[in-house]
Every structure is written in C-alpha cells, then in structure tokens.
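Asks: Here is a sequence with its predicted model. Questions after.
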Amino acid sequence: MKYTKKYVGINARFDTAGNIIPLYILWEDGRKFPIDRVKDVRPCASLKCGGFGIRYTCSICGHEIYLFLDGNRWFVEKRK
C-alpha cells in the first residue's frame, strides 16, 4: 500500500520547559480532530512515506496515529 505525506495544521501548547504538546489536528477542509493523548515523542523517520523529524505517537478517537514535525511543518502518513 502506498502512502504520502499529508501536511496538516496543528494547534499546540508550549510548556515551561519548551516542549511542544499538539492539541488538535486541523484538516484542510476545516475539520478539527482533538488529540486525546500523546503517548510518545522521539526523533524518527517516517518509514511509510519518507522524511525525518520528531514523531509524536498520538491517540485520536481511540486510533493511534503518527504525527511528524519536520522542521516547521507537520504531517501525517496518508494512504494514496
């Protein structure tokens, strides 16, 4: 199955230690998906669609997704 990078908007909070905590994913059609929980944060490559950055393992509506911060842009792995 082929995947591509899907760049998304993010609402995030910065804590006093300088950590970025994503709160919502903003889809291009205006939908807003709240992030229930950030389970893990680590530097990692996207093995499905390429790219490297900080990978946030997130829970959204009971589904686990990977959200990547690549430089100053956010993306998810989307099936073509």
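Replies: The structure has been received and is ready for your questions. Numbering: from 1, shown residues only.
Asks: is the closest residue to residue 20 other than its chain neighbours in a bridge, and if so with what?
Replies: With CB to CB, 6 or more residues apart in numbering as the criterion, residue 20 has its nearest non-adjacent residue at 5.2 Å, and that residue is residue 12. C-betas here are computed from N, CA, C, even on glycine. For residue 12, the beta-bridge partners under DSSP bridges are residue 22.
Asks: can you tell me the average pLDDT over stretch 71-80?
Replies: Per-region confidence: stretch 71-80 scores 92 on mean pLDDT.
Asks: Need the contact partners of that stretch.
Replies: 1-10, 22, 25, 46, 48-49, 51, 53, 65-68 (CB atoms under 8 Å, 6 or more residues apart in numbering).
Asks: Now list the buried members of those residues.
Replies: Buried members of the contacts of stretch 71-80, counted by 16 or more other CB atoms under 10 Å: 5, 8, 10, 22, 25, 46, 49, 51, 53, 66, 67, 68.
Asks: you'd agree residue 14 is up against residue 23?
Replies: No. Residue 14 is not in contact with residue 23 according to CB atoms under 8 Å; the separation is 11.0 Å.
Asks: Neighbour count for the two, which is higher?
Replies: A direct count of neighbours by other CB atoms under 10 Å for residue 14 and residue 23 places residue 23 higher, at 12 against 9.
Asks: Next, the contact list for the residue positioned nearest the centre of the chain, please.
Replies: A centroid search over the chain (CA atoms, centre = their mean) returns residue 67, at 1.8 Å, as the residue closest to the centre. Listed by CB under 8 Å, 6+ apart, the contact set of residue 67 reads 8, 10, 22, 25, 35, 55, 56, 58, 74, 75, 76.
Asks: Just the ones of the contacts of stretch 71-80 in strands?
Replies: Judged by DSSP state E, the contacts of stretch 71-80 include 3-10, 22, 25, 53, 65-68 as members of strands.
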